[in-house]
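J.: predicted model follows, preceded by the sequence.
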Amino acid sequence: MTKTVNQKAWLLVLPVFAVVAFSAVLPLMTVVNYSFQDTFGNNQFFWNGLGWFQELLDPSTQFGERFLDSLWRNLLFSAIILAIEVPLGIAVALSMPREGRSVAFCLVLMALPLLIPWNVVGTIWQVFARTDIGLLGATLNSLGIDYNYAGSALAAWVTIVTMDVWHWTSLVALLCYAGLKSIPDAYYQAARIDGASQWAIFRTIQLPKMRRVLLIAVLLRFMDSFMIYTEPFVLTGGGPGNATTFLSIDLVKLALGQFDLGRAAAMSLVYNLIILSVCWVFYTVMTNVDAGNRTVLADDPADAAAAGSLAPATTIPLDRRAA
Amino acid sequence: MRPRHVVMTLYLLFLMVPIYWLVNMSLKTNQEINSGMTLWPHAITFDNYIRIFTDPSWYGGYLNSLSYVAINTVLSIGLALPAAYAFSRYSFIGDKHLFFWLLSNRMAPPAVFALPFFNLYSAVGLFDTPWAVALAHCLFNVPLAVWILEGFMSGVPREIDETAAIDGYSFPRFFAKIFMPLIASGIGVAAFFCFMFSWVELLLARTLTSVDAKPIAATMTRTVSAAGMDWGLLAAAGVLTIVPGALVIWFVRNYIAKGFALGRV
């Protein structure tokens, strides 16, 4: 569909622009303002230039070390989360029942964790994993496994990762399920005629068709795990020690706990820049995939028509590469 | 049993067991909770729930949460409808950049905005009102709503717009009478996601309120630290926060898959 050029369309966008600018640009200006200044209280501010940023990015200072530690911790966490949730989400999506009432039943149960307030997610896992009153903690201890998420860093990590898998795998699974639903039956029929194995069907039909939704799933999961705050805050409070202090927890401690405005502002800006650049990379990749899809889509009716006789299953990946 | 049934069953069990434990806990007395593990409540008590429904500081929290979630959902959808129409139908100077900028706000960490929001809303006198939280949540819900609605609107053929114009419909009448019913399911999906993300968020909601507009989530955290460990009450409050979400899912279950199918969440 080609769009008409119409500059008056700006008028329709204006309200959204105004509201988002009010809640995004205005606060960010405050942050930028703070990040270049120092204060001794009393609302007296002094120009500090790039001082905070130099300190932030220099690992030899205390502040820089703290920032880099939580940055690495957060990146590691995001990597673990993606490595578990994406394959698991695909597996669950592939295991969805094909039709009938059980589809709605599974969908509702799966979506349930997504609608639980994040602090309640923390609470659920707290009462579930505690060694004195929790089913998980008490069971593990009675099996002779030394498990206490409040005491050992490893146990805290395992608990938080399990909690996040519990909380968010459904999102990946639902996205993949939607991607799978959009595959026309003709593809499967063609694969059956070819005598393709389950694995071949997955590799050549399902995975390529899920590429777009998978990209979105990875983007969302990366972003949300990169700014995770509430769940670990309720569960461990960032402890034991600093073992589970992720970027957002650290930032809130700095900004609202210690009111260290200059450092917190500098950290906010760097944090935001990291997110913005990752977002941009994904957006570019996604737009390219979209553009690719569109040319492939144009071939689709032909594919589907030919599917009965020809068997495009093995040629689909080639098509995609060409696109 | 086929392997895929096993995977699904195990996964659903994994999801449900912690929730079961919370429900189980909420029906016990604190005495039973502390005196050792029981897999189901031996003496079922509804005291925890009764306390929440009779104490204004508890049920007030639910009302506060629901009020800012409702304001936010209406606001987000109302603002996003015309903008999404513009993005789906017209090209104009800076449209791609604007779209990316909007989306990038969906990804912005709330922790970055907590302190400046506190300053901003205190300055304009909205601090500790549901409006502050509702407006703050617009930061990520408005872009989300624009994104979802744009997807649904692009699925409606342009010819409909043109035919309506020829038939003498003015733009606002066309939009309200013809176009909105066509994308009703899209509006439903967008509203669902606005509800969801506003309902689950705590950091901004807690930072922007103190007494009058305190959300239930914040009530829970405070009471836990103040009253020692009243696990039964905490669990009951937790169960009650799951209920609205569960109801909403049940009503929109047939649309969810459609919304996800567009890959726009």
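T.: Great, that's in hand.

J.: pick out the residue of chain A closest to chain B.
T.: Nearest residue of chain A to chain B, counting by C-beta to the nearest C-beta: residue A:115, 2.9 Å away. Just so you know, the C-beta spots here come from the backbone N, C-alpha and C atoms, and that holds for glycine as well.

J.: center of the chain - which residue?
T.: Just so you know, I chose chain A. In chain A, the residue lying closest to the centroid (C-alpha atoms, centre = their mean) is residue A:221, at 1.4 Å.

J.: wrong one, chain B
T.: By C-alpha atoms, centre = their mean, chain B has its centre lying nearest to residue B:196, at 2.1 Å.

J.: what sits against it?
T.: Applying C-beta atoms under 8 Å, 6 or more residues apart in numbering or on different chains, we find residue B:196 in contact with A:114-115, B:245, B:248.

J.: list buried members of those residues by neighbour count.
T.: Those of the contacts of residue B:196 that meet the buried threshold are A:114-115, B:245, B:248, by 16 or more other C-beta atoms under 10 Å in any protein chain shown.

J.: care to break chain B down by domain?
T.: The record, using automatic domain parsing to delimit domains, assigns chain B the ranges B:1-45, B:55-261.

J.: re earlier: now the two most distant members of the contacts of residue B:196.
T.: Using C-beta to C-beta, the contacts of residue B:196 reach their maximum pairwise distance at A:114 and B:248, which is 10.8 Å.

J.: per-residue pLDDT, residue B:60?
T.: Looking at residue B:60, its pLDDT reads 87.

J.: check contacts around it.
T.: For residue B:60, the contact set (C-beta under 8 Å, 6+ apart) comprises B:214, B:219.

J.: and it, how far from chain A?
T.: Per C-beta to the nearest C-beta, to the nearest Å, residue B:60 is found 16 Å from chain A.

J.: mind checking how far residue A:38 is from residue A:123?
T.: Using C-beta to C-beta, to the nearest Å, residue A:38 is found at 39 Å from residue A:123.

J.: neighbour-wise, which of those two wins?
T.: Taking other C-beta atoms under 10 Å in any protein chain shown, residue A:38 and residue A:123 do not tie; residue A:123 has more neighbours (26 against 16).

J.: who's in contact with that one?
T.: By C-beta under 8 Å, 6+ apart, the residues touching residue A:123 are A:234, B:22, B:220, B:234-235, B:238.

J.: switch the cut-off to 10 Å
T.: Going by C-beta atoms under 10 Å, 6 or more residues apart in numbering or on different chains, residue A:123 touches A:116-117, A:231, A:234-235, B:22, B:217, B:220-221, B:224, B:231, B:234-235, B:237-238, B:241.

J.: follow-up on the earlier one: what helix or strand is the residue nearest to the centre of chain B on?
T.: helix B:184-200 (DSSP states H and E).

J.: buried residues, that helix. List them.
T.: Residues B:186-200 are the ones in helix B:184-200 that count as buried (16+ other C-beta under 10 Å).

J.: all helices of the stretch 101-250 of chain B, in order?
T.: Along the stretch 101-250 of chain B, counting by DSSP state H, counting those that start in this stretch, helices occupy B:110-123, B:130-154, B:158-166, B:171-174, B:180-182, B:184-200, B:203-207, B:216-226, B:231-261.

J.: does chain A have contacts with the third one?
T.: Yes. With C-beta under 10 Å from any C-beta of the partner chain as the threshold, helix B:158-166 lies in contact with chain A, specifically through residue B:158.

J.: elements contacting that helix?
T.: For helix B:158-166, the packing partners by 3 or more C-beta pairs under 10 Å, 6 or more residues apart in numbering or on different chains; DSSP states H and E come out as helix B:56-89, helix B:171-174.

J.: repeat the analysis, applying 6 Å as the threshold.
T.: Packing contacts for helix B:158-166, counted by 3 or more C-beta pairs under 6 Å, 6 or more residues apart in numbering or on different chains; DSSP states H and E, involve no helix or strand.

J.: what angle do it and helix B:56-89 make?
T.: 90 degrees (axes from the mean of the first three to the mean of the last three C-alpha atoms, to 10 degrees).

J.: pLDDT on helix B:158-166, on average?
T.: Mean pLDDT, helix B:158-166: 88.

J.: in it, what's buried?
T.: Buried residues in helix B:158-166, counted by 16+ other C-beta under 10 Å: B:161, B:164.

J.: please state the offset of that helix from the chain centre?
T.: Taking C-alpha atoms, centre = their mean, to the nearest Å, the mean C-alpha location of helix B:158-166 is offset from the chain mean by 35 Å.
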